[in-house]
Structures are given as C-alpha cells and as structure tokens.
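Asker: I'll drop the sequence and a predicted model, then ask my questions.
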Amino acid sequence: MLEVKSYFDPATATVTYLIWDTKTSEAAIIDPVMDFEMSTASLSTKSVDVVLRDAVQQGLRLRWVLETHAHADHLSAAHYIREKTDAKIGIGARITDVQQGFRALFNATDISTDGQVFDALFEDEDELLIGDLSVRVMHTPGHTPACVSYLVADAVFVGDTLFMPDFGTARTDFPGGDAAILYQSIQRLLSLPPETRMFVGHDYPPEGRDKPAWETTVSDQRGNNIHVRDGVTGKEFVEERTARDATLSAPRLILPSLQVNIRAGAMPPVNADGHIYLKLPVNRLN
C-alpha cells in the first residue's frame with residue numbers, strides 16, 4: 001500500500017513528498033528542497049534532513065529521488081540525498097534539452113548534455129518499482145519540455161503542471177514552454193480516474209485561502225480548476241495562460257536553481273581558489 005508524507009517549504013512554496021510501500025518499506029523522495037538564502041548565498045540541508053530523519057525513523061530504505069523537472073524556484077537536494085543514501089536520481093529524458101539550453105546560458109563547460117549526471121532518464125510510460133509499488137512515468141510537458149508526472153497506485157504527483165484548483169496551472173514562458181502543449185498534458189492527467197489523488201508541487205494560496213494545500217483529486221480539478229475545468233477549450237486556455245504569463249516576473253531563485261538543478265542538485269565544480277561560485281549571467285534573461 002502507498003503511504004505519502006508531505007513537507008511544505010514556506011520559503012519556496014514547494015512541497016517535497018516522501019512516499020513508500022508499507023509492505024516492503026522501500027521509499028522514494030519526490031522534488032526535495034535544498035535550503036538557499038540568496039542574500040548571503042548560504043546553503044543548508046535543514047529541510048531535507050527532516051525528510052531523511054523521518055525515513056530513518058520509519059525504517060524506510062530510500063531507493064529513488066524522483067524529480068518532476070529542473071525546477072526554477074528552488075535548488076534540488078537530490079545530489080545530497082544520493083550521497084547520504086545511495087538512492088538513484090530519476091528525471092524525464094528530455095532534461096537533455098534543458099541542459100543544452102542552460103549550459104550555454106551559464107557557460108557551464110563542465111556539464112555534459114547527455115543527462116548522465118542523473119541515474120535514470122525516464123521516457124513516457126516507463127515504469128519503475130518502489131518495493132511492490134509500480135510507478136508509471138507520464139511525460140507531461142508544457143511548463144518545461146522535460147516535465148514528468150509519477151502515477152503510483154491511486155495517486156499522481158504532477159510537479160508544476162497543475163496547482164490547486166483555486167490557483168490554476170503552471171506558467172509556460174520558460175525556455176521550451178508551450179501553453180498548447182501544457183493543455184494537452186493536463187487533459188491527459190484529467191483523463192485519469194476521477195478519484196485519483198493529485199499531489200501538486202507548489203502552493204501559492206490565493207486571496208480567500210489562508211493555509212497552503214497540496215492534495216486534490218482529478219474530479220476536483222475537472223470541476224473547479226480556474227484555468228482548465230471541464231468546458232475550457234484549448235484556445236481559451238492558451239489565450240488566458242499567455243496573457244497571465246506576460247504579467248509574471250522571473251522566479252527569485254531562477255539563476256541559482258537552474259545551474260544547480262541541471263547538475264542533478266550538485267554544485268558547480270570547486271574553483272581554483274578552493275571555493276564554489278554560482279554565476280549571474282548579466283542581461284541574458286531579457
């Protein structure tokens with residue numbers, strides 16, 4: 001049986017998931033967060049250490065770190081988890097497209113664009129096991145070309161593709177994003193059984209809702225999502241999504257996040273002076 005424990009990070013509005021098979025105690029972590037203070041460029045593992053501590057206390061054996069995509073709003077703790085536990089890191093196969101684009105942006109000559117810094121590159125409909133639980137990979141691009149969702153038992157983990165119904169859907173103005181493709185990906189997710197539990201990657205509570213939330217259902221999304229409820233056409237969605245994207249600023253942590261996350265959560269190589277540096281490509285995001 002699938003068990004899910006959620007960890008909301010207020011600093012980035014990100015939700016990390018610890019999931020496990022209650023029969024075998026094998027587990028995975030989805031979209032783990034590395035704490036990063038931009039003003040001082042300070043890293044901390046405080047948040048992810050809570051997840052790892054809980055896994056130990058539950059007697060779990062971590063097999064996988066599953067990334068839904070290369071995040072632009074938080075640094076991934078995937079590499080740290082792999083070093084601590086020997087868990088494998090998996091991500092969608094089209095991460096290679098993302099690596100190619102951002103390798104050039106950051107002049108990150110150490111990065112190979114073949115995705116091999118990850119342990120597994122998932123194609124659509126690939127399956128992996130967590131104990132006796134089968135995990136089905138669904139390629140759900142649109143927010144980024146590499147986005148995937150993970151269907152496990154009666155639950156699907158959708159990353160940034162969909163948010164809570166009262167907040168809507170992911171932005172599509174990042175490199176490789178496409179509102180029409182996102183609409184198609186969402187329709188695929190919404191074709192799952194209505195009772196399927198849906199766990200989203202972030203929550204930004206809109207006006208009128210005080211507390212963050214991250215679990216909904218396919219039925220609730222179809223009936224109530226402000227962007228893609230039943231009856232909204234692809235044309236209507238693309239027009240609304242494109243107009244909204246034009247009003248959005250870049251995520252606060254986009255530059256540190258992407259140069260780390262295309263390295264599977266690892267820092268850039270140590271400089272000749274013994275220190276690590278993250279780059280700020282000036283006037284390159286305009």
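Answerer: Good, I have the coordinates.
Asker: and the residue nearest to L258 when sequence neighbours are not counted, its phi and psi?
Answerer: Among residues not flanking L258 along the chain, F102 sits closest, at 5.2 Å (CB to CB, 6 or more residues apart in numbering). For glycine as for every other residue, the C-beta is placed from the backbone atoms N, C-alpha and C. As for F102, its main-chain torsions (degrees, to the nearest 10) stand at phi -90, psi -20.
Asker: one more: T161?
Answerer: According to degrees, to the nearest 10, the main-chain angles of T161 amount to phi -60, psi -50.
Asker: how about it, nearest residue that isn't a chain neighbour?
Answerer: Leaving aside its sequence neighbours, T161 sits nearest to T140 (CB to CB, 6+ apart; 4.9 Å).
Asker: ok, the one you found touching L151?
Answerer: No - assessed by CB atoms under 8 Å, T140 is found out of contact with L151, at 10.4 Å.
Asker: for the residue most central in space within the chain, give me phi and psi.
Answerer: Averaging the C-alpha coordinates of the chain gives a centre point, and the residue nearest to it by CA atoms, centre = their mean is T68 (3.9 Å). For T68, the backbone dihedrals are phi -80, psi -20 (criterion: degrees, to the nearest 10).
Asker: next one: Y80
Answerer: Summarising the backbone geometry of Y80 under the convention degrees, to the nearest 10, its torsions are phi -60, psi -40.
Asker: repeat for the one 4 residues further on
Answerer: As for K84, its main-chain torsions (degrees, to the nearest 10) stand at phi -80, psi -30.
Asker: list the contacts for it?
Answerer: For K84, the contacting residues are L52, by CB atoms under 8 Å, 6 or more residues apart in numbering.
Asker: pLDDT value on it, please?
Answerer: According to the predicted model, the pLDDT of K84 comes to 97.
Asker: what of the one 5 residues further on?
Answerer: Looking at I89, its pLDDT reads 98.
Asker: please enumerate the helices of the stretch 1-150 of the chain.
Answerer: Per DSSP state H, counting those that start in this stretch, the stretch 1-150 of the chain carries helices over the ranges 46-57, 78-85, 95-106.
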